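Visitor: Have a look at this prediction, sequence included:
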Amino acid sequence: MTWLKSMTLAAVLTTGAAASEGVVLLHGLCRTKASMAKMQAALTTAGYVVLNDGYRSRSAGIESLSEAAVGAAMRHPRLAACTRIHFVAHSLGGLLVRSYFARHPDPRLGRVVMLGPPNQGSEVVDKLGAWWAFRMLNGPAGSELGTAKEAMPNRLGPVAFEVGVIAGDRSLNWINSLMIHGRDDGKVAVARTRVAGMSDHLVVHATHPFLMKNNQVIACTISFLKTGSFLQPQPQHRPASQ
């Protein structure tokens, strides 16, 4: 039996979190809060106070979005009694967390799990970012996600808080994957999800659009929020030969 079978989502949920701990969910570009509903339900069952508010991801650049989404979350009445506030962010959401807390350190910030984040940008934006259709579909923030040294993801610098990154290595978009170097999830290369200062990194067999709904991802997310590390394979004990 593999460790994934032995450590099920249900087993992780049996250990609750302290009631004073909150989790903010941030969806990705061109998505809504509905995409985080399964994650929200699991975290609520695990005992966290969960805030899953959407934001207009195509309306502004990364810095402005971070003020609107992350800043509003930190001031939200639902989390007022929480002594620790964690974040679970999909894709662009991870960049919003990095941008906001690089400018506004907060002692209440707990642990952060990023799902498929373009922490070093994406080659897809390098290739298509100048296209009118791309800009119309993805807005100002989407155009900021290139891999150049001067691109926003690479200007944010190392993280100064506990971050765990989960990357996918399965793609449903072979056209995008042709533009990306190495393993990818259809949007971001596995290697480009990494960020200096992160505490843990995990690769799962999942695609970018569905990372937040994957049972393994949900279980590992809760594990990181509780312990600061993702679930690790359990050692296989063989019976001694007679």
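Guide: Ah, there it is. Please read these numbers as outputs of a predicted model, since none were measured by experiment.
Visitor: can you give me how far stretch 204-224 is from the chain middle?
Guide: A distance of 9 Å separates the centroid of the chain from that of stretch 204-224, by CA atoms, centre = their mean, to the nearest Å.
Visitor: pLDDT below threshold where in the chain?
Guide: Residues of the chain that meet the criterion pLDDT under 70 lie in 1-19, 232-242.
Visitor: Can you pull up the most central residue in it?
Guide: To find the centre residue of the chain, average its C-alpha atoms and take the closest one (CA atoms, centre = their mean): that gives M114, at 2.1 Å.
Visitor: tell me the SS of that residue?
Guide: Reduced to three states with DSSP: H, G, I helix; E, B strand; the rest coil, the structure at M114 is strand.
Visitor: My guess is it contacts H86. True?
Guide: No. With contact defined as CB atoms under 8 Å, M114 does not count as touching H86 (11.8 Å). C-beta: built from backbone N, CA, C; applies to glycine.
Visitor: re earlier: what's near enough to touch the spatially closest residue to the residue nearest to the centre of the chain that is not a sequence neighbour?
Guide: Beyond its immediate neighbours in the sequence, the residue positioned closest to M114 (CB to CB, 6 or more residues apart in numbering) is G94, lying 3.5 Å away. Taking CB atoms under 8 Å, 6 or more residues apart in numbering as the definition of contact, the neighbours of G94 are L26, V112, M114, L115, P117, P118, N119, V165.
Visitor: Now the last one: which helix or strand?
Guide: Think V165. With elements taken from DSSP states H and E, the one containing V165 is strand 163-168.
Visitor: Contacts for that strand, please.
Guide: With CB under 8 Å, 6+ apart, strand 163-168 has contacts from 94, 111-117, 119, 185-186, 188, 190, 193-195, 197-208, 211, 217, 220-221, 224, 228-230.
Visitor: Pull out the buried members of those.
Guide: A residue is treated as buried here by neighbour count (16 or more other CB atoms under 10 Å); on that basis the buried members of the contacts of strand 163-168 are 94, 111-117, 119, 185-186, 188, 190, 193, 195, 198-202, 204, 206-208, 211, 217, 220-221, 224, 230.
Visitor: Would you map the helices across the protein?
Guide: Shown for the chain, the helices assigned by DSSP state H span residues 3-6, 9-13, 37-45, 62-66, 72-74, 92-103, 123-128, 132-143, 152-155, 174-179, 215-227.
Visitor: Run a quick check on M39 versus F87, I expect a contact.
Guide: No. Counting by CB under 8 Å, M39 sits too far from F87 to count as a contact (11.7 Å).
Visitor: overlap in contacts of those two?
Guide: With CB under 8 Å, 6+ apart applied, the overlap between the contact sets of M39 and F87 consists of L25.
Visitor: still on that earlier bit, list just the one of the helices of the chain that sits closest to F161.
Guide: Ranking those by proximity to F161 (CB to CB) places helix 92-103 first, at 6.3 Å.
Visitor: relative to helix 132-143, how tilted is the closest one?
Guide: Between the axis of helix 92-103 and that of helix 132-143 there is an angle of 40 degrees, by axes from the mean of the first three to the mean of the last three CA atoms, to 10 degrees.
Visitor: List the buried residues in helix 92-103.
Guide: Counting neighbours by 16+ other CB under 10 Å, one finds that the buried residues in helix 92-103 are L92, G93, G94, L95, L96, V97, R98, S99, Y100, F101, A102.
Visitor: Now render these as JSON lines, adding distance to T45.
Guide: Rendered in JSON lines, the data for those read as follows (distance: CB to CB, whole Å):
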{"residue": "L92", "distance to T45": "26"}
{"residue": "G93", "distance to T45": "21"}
{"residue": "G94", "distance to T45": "24"}
{"residue": "L95", "distance to T45": "28"}
{"residue": "L96", "distance to T45": "26"}
{"residue": "V97", "distance to T45": "23"}
{"residue": "R98", "distance to T45": "28"}
{"residue": "S99", "distance to T45": "30"}
{"residue": "Y100", "distance to T45": "27"}
{"residue": "F101", "distance to T45": "27"}
{"residue": "A102", "distance to T45": "32"}
